[in-house]
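Visitor: sequence first, then the predicted structure:
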2 protein chains.
Amino acid sequence: MRTVTLDDVARRAGVSRATASRALNGSNRTVGAALRESVERAAAELGYEPNLPAQALARSAGNVVGLVVHDLADPYFAVIADAVTRAADRRGLVVMVGATGRDPEREIAYVAALRAQRVRAVLLVGSRTTGTSRRLRDEVDRYRGTGGRVACVGQDLLGVPTVAPANHEGARALAHALAGLGHRRFAILGGPPELITARERTSGFRDGLAEQGLPEPVVVAGAFDRDGGHAAAASLDLSAVSCLFAVNDVMAVGAVAALRERGIDVPGTLAVAGFDDIPSLRDLVPALTTVRLPLADMGERALELALDETAVSVQVPAEVILRDSTRRD
Amino acid sequence: MRTVTLDDVARRAGVSRATASRALNGSNRTVGAALRESVERAAAELGYEPNLPAQALARSAGNVVGLVVHDLADPYFAVIADAVTRAADRRGLVVMVGATGRDPEREIAYVAALRAQRVRAVLLVGSRTTGTSRRLRDEVDRYRGTGGRVACVGQDLLGVPTVAPANHEGARALAHALAGLGHRRFAILGGPPELITARERTSGFRDGLAEQGLPEPVVVAGAFDRDGGHAAAASLDLSAVSCLFAVNDVMAVGAVAALRERGIDVPGTLAVAGFDDIPSLRDLVPALTTVRLPLADMGERALELALDETAVSVQVPAEVILRDSTRRD
DNA sequence: CTGTTAGCGCGTTCAC
DNA sequence: GTGAACGCGCTAACAG
């Protein structure tokens, strides 16, 4: 059973390929009812499915968008990717994904790969980094130069419309809220210094503390994932600290686990807060105080930004959610 | 800045398009060192990137594989999708994803869409359902008829190589282990009856109990997600039950949350077990007793099965992991 | 080794 | 309204 082409359909319907094309796929030109009917029947009988890449080649306009994330297994990206996928589906688009494993080089490689695939748009999801972004930017510009649309979720550093979470503001508000709970000495699990998201959250939190006239927090670097949070919390001198802020929820989860192993009660002895409000982590005990980001919305918005010619960057608000992990009895 | 084609490169290098093609993209024919050099230089200067869809059209063999999951935001699928993505990347393939939202119709639609995209292979990840699979199977067969490769993760019901988790065996072993802990009266949060995975786990667990000479468990249906577990556990008469088995981890998490709201201590008053051993849920408190599936491996294997001409279905073992959520003091 | 000639599957002028 | 050409970007025979 060979793959059936438009020619096969045309032949079977006794019309020219042009007519078959007009009948099956839209066109400004119209087709006689009788012929259209028989073309459609022939197509159905043969199980014809248009060759979309070929169609895209002829039209020079395809229906696939690219999505590049750091780590699909990380619930932060999973939720966003899911939203992007659904939103794309609603618009008749299909999504190509790539996971970089947080390697900036692979992010660049993916943009090139997606350009090679002639995707209509590329979504770059995840924190920008301080370092090599120059080459990424070149690659992005090259892609845009060919008519490709780009948007990102993170920081507006590539000159493309981006969905920027209020990292600084959210962390700052969190600091105020925690200070309001009576905490005075803080430690921050700050993640990797080269991740701008990590920096923004760290500095926002510090600013909030400073505004409250509170002492400088201890800041410790580490990986941006669960194990990073675990490692950082495992080796930290907590003697003078009453509250720990991990710059994202999965790190916070790792931290809580490490504290438990050290016999430190949360929130009894030490309060812990995170950032993101990952949905699948909401049933954690103690429930994690965090800063909520509308993850799914962010994914949808990013797709809109990429597709809309007139789009500009937007900030999405972050909302402090106080839960049990910072409760003071 | 128009999109640069192979012709542009050829012209700039002063060679024919064929030569440029042979120099840049592999071919069995070889090219003179001098010409190859100048072609490569021209390509670099122009920032040439081959048009992969066009290339695929000419070669009639592309480098994209399709991946269809139920819900990308569900960590079960997220972990598998991540593994597939990475494995694909290693082989120079790119992945197109679709999330069906557990709607069998959309699964069928995705297979058709991926056929239209002329992807080299399609991976169907997730439990098969009892109902409409006939039309799915037709669609799959049509795709395979055109040379497309298919594999799935779940049950071997479509006549394609599949990675089948040992749902029955795993649940059965879990029942034995829990009985060994002294539990005698069980309830099962069985998920949706039309999901075969849910059925397999339920029946495996029942079989295990029967082998131990234990009474029939109470079985309650519900959604296959966190809220399903929550709802089921919230409205269940637990008076005579000492252990709850949720057919997957996310349901178990929802159940534990519901029990907490009802003031029921886990595992003190009621033990709870799940299935899957989702990595991001391992830090839950109490730590969830579960049945571990090698999720990432399963994703990789599925890709291998789809690509390998001689592949046959494989069962992947499931391992009982006893943790605190079923501890008896 | 290299250039020329055909397609791959489809959309789109252009005439009829 | 409908069909005959040509082109999208690239690879694969076929000749030199």
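Guide: Noted; the coordinates are in hand. Numbers count the residues shown, from 1 in each chain, chains lettered A, B, ... in the order given.
Visitor: kindly confirm my reading that residue A:123 is in a strand.
Guide: Yes: counting by DSSP: H, G, I helix; E, B strand; the rest coil, residue A:123 is part of a strand.
Visitor: pLDDT score assigned to residue A:192?
Guide: At residue A:192 the predicted local confidence, pLDDT, stands at 97.
Visitor: how far out from the middle of the chain is stretch A:7-20?
Guide: Between the centre of stretch A:7-20 and the centre of its chain there are 44 Å (CA atoms, centre = their mean, to the nearest Å).
Visitor: do that stretch and chain B meet?
Guide: No: judged by CB under 8 Å from any CB of the partner chain, stretch A:7-20 stays clear of chain B, getting no closer than 12.2 Å. C-beta: built from backbone N, CA, C; applies to glycine.
Visitor: cool, stretch A:116-126 as well?
Guide: Yes: using CB under 8 Å from any CB, stretch A:116-126 comes into contact with chain B via A:116-118.
Visitor: just give me how far that stretch sits from the chain centre.
Guide: Worked out by CA atoms, centre = their mean, stretch A:116-126 lies 13 Å from the chain centre.
Visitor: how about stretch A:99-118?
Guide: For stretch A:99-118, the separation from the chain centroid amounts to 15 Å (computed by CA atoms, centre = their mean).
Visitor: is that stretch in proximity to DNA strand C?
Guide: No: Stretch A:99-118 does not reach DNA strand C (CB under 7 Å from any atom of the strand); its nearest approach is 12.7 Å.
Visitor: what's near enough to touch the residue lying closest to residue A:86 once chain neighbours are set aside?
Guide: Residue nearest to residue A:86 in three dimensions, not counting chain neighbours: residue B:99, with 6.2 Å by CB to CB, 6 or more residues apart in numbering or on different chains. Counting by CB atoms under 8 Å, 6 or more residues apart in numbering or on different chains, residue B:99 makes contact with A:82, A:85-86, A:89, B:68-72, B:77.
Visitor: hang on, residue A:117 packs against residue B:94?
Guide: Yes: using CB atoms under 8 Å, residue A:117 is in contact with residue B:94, at 6.6 Å.
Visitor: give the residues shared as contacts by these two.
Guide: Going by CB under 8 Å, 6+ apart, residues that sit against residue A:117 and also against residue B:94 are A:96, B:64.
Visitor: filter the contacts of residue B:99 to the buried ones?
Guide: A:82, A:85-86, A:89, B:68-72, B:77 (16 or more other CB atoms under 10 Å in any protein chain shown).
Visitor: among those residues, which are in helices?
Guide: Counted as lying in helices by DSSP state H, out of the buried ones among the contacts of residue B:99, are A:82, A:85-86, A:89, B:77.
Visitor: name the residues of stretch A:39-59 that are buried.
Guide: Across stretch A:39-59, burial judged by 16+ other CB under 10 Å covers A:39-40, A:42-43, A:47-49, A:51-57.
Visitor: mind putting those residues into a markdown table with secondary structure, pLDDT and distance to residue A:275?
Guide: Listed next are the buried residues of stretch A:39-59 as a markdown table, based on DSSP: H, G, I helix; E, B strand; the rest coil; pLDDT from 0 to 100; distance: CB to CB, whole Å:
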| residue | secondary structure | pLDDT | distance to residue A:275 |
| --- | --- | --- | --- |
| A:39 | helix | 93 | 56 |
| A:40 | helix | 93 | 54 |
| A:42 | helix | 94 | 57 |
| A:43 | helix | 94 | 52 |
| A:47 | coil | 91 | 50 |
| A:48 | coil | 93 | 51 |
| A:49 | coil | 93 | 45 |
| A:51 | coil | 96 | 46 |
| A:52 | helix | 96 | 40 |
| A:53 | helix | 96 | 41 |
| A:54 | helix | 95 | 46 |
| A:55 | helix | 95 | 44 |
| A:56 | helix | 95 | 40 |
| A:57 | helix | 94 | 44 |
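Visitor: can you sort out which of these also neighbour chain B?
Guide: Applying CB under 8 Å from any CB to the buried residues of stretch A:39-59, those adjacent to chain B are A:47, A:49, A:51-54, A:56-57.
Visitor: list just the nearest of these to residue B:21.
Guide: Nearest to residue B:21 among those is residue A:57, at 16.2 Å by CB to CB.
Visitor: verify the contact between that closest one and residue B:56 for me.
Guide: No: contact status for residue A:57 versus residue B:56: not in contact, 9.7 Å apart, counting by CB under 8 Å.
Visitor: can you list the domain ranges for chain A.
Guide: For chain A, the structural domains run A:6-50, A:60-165+A:296-318, A:167-293+A:321-326, going by automatic domain parsing.
Visitor: measure the last one end to end?
Guide: End-to-end distance of domain A:167-293+A:321-326 (CA to CA, to the nearest Å): 20 Å.
Visitor: what of the shortest one?
Guide: According to CA to CA, domain A:6-50 extends 7 Å from its N-terminal end residue to its C-terminal end residue.
Visitor: SS state for residue A:96?
Guide: The three-state assignment at residue A:96 reads strand, by three-state DSSP.
Visitor: what about it, how many residues nearby?
Guide: If you count neighbours by other CB atoms under 10 Å in any protein chain shown, residue A:96 ends up with 22.
Visitor: ok, it - contacts?
Guide: Listed by CB under 8 Å, 6+ apart, the contact set of residue A:96 reads A:64-67, A:114, A:117, A:119, B:64, B:94-97.
Visitor: who wins on neighbours among the residues you listed?
Guide: residue A:67 (30 neighbours).
Visitor: quick one: that residue from DNA strand C, how far?
Guide: Noted for residue A:67: a distance of 25 Å to DNA strand C, by CB to the nearest atom of the strand, to the nearest Å.
Visitor: how close does that residue get to residue B:94?
Guide: 11 Å (CB to CB, to the nearest Å).
Visitor: common neighbours of these two, please.
Guide: Taking CB under 8 Å, 6+ apart as the contact rule, residue A:67 and residue B:94 both touch A:96, A:98.
Visitor: so residue A:88 makes contact with residue A:95?
Guide: Yes: look at residue A:88 against residue A:95 with CB under 8 Å: they come within range, at 4.9 Å.
Visitor: next, show the common contact partners of those two.
Guide: Taking CB under 8 Å, 6+ apart as the contact rule, residue A:88 and residue A:95 both touch residue A:65.
Visitor: for residue A:73, give me its contacts.
Guide: Taking CB under 8 Å, 6+ apart as the definition, contacts of residue A:73 comprise B:75, B:78-79, B:81-83, B:279-280, B:296.
Visitor: residue B:77 versus that one, what's the distance?
Guide: As judged by CB to CB, residue A:73 and residue B:77 stand 10 Å apart.
Visitor: cool, residue A:275 as well?
Guide: Look at residue A:275 and residue B:77: by CB to CB, they are 24 Å apart.
Visitor: leaving aside the residues next to it on the chain, what's closest to residue A:178?
Guide: residue A:243 (5.6 Å).
Visitor: ok so, going back, now distance to DNA strand C too, for the ones in helices among the buried ones among the contacts of residue B:99, in CSV please.
Guide: Output for those, formatted as CSV (distance: CB to the nearest atom of the strand, whole Å):
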residue, distance to DNA strand C
A:82, 30
A:85, 25
A:86, 26
A:89, 20
B:77, 31
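Visitor: that older thread, how about the contacts of residue A:73 in a markdown table, adding pLDDT?
Guide: Formatted as a markdown table, those follow (pLDDT from 0 to 100):
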| residue | pLDDT |
| --- | --- |
| B:75 | 97 |
| B:78 | 98 |
| B:79 | 98 |
| B:81 | 98 |
| B:82 | 98 |
| B:83 | 98 |
| B:279 | 96 |
| B:280 | 94 |
| B:296 | 98 |
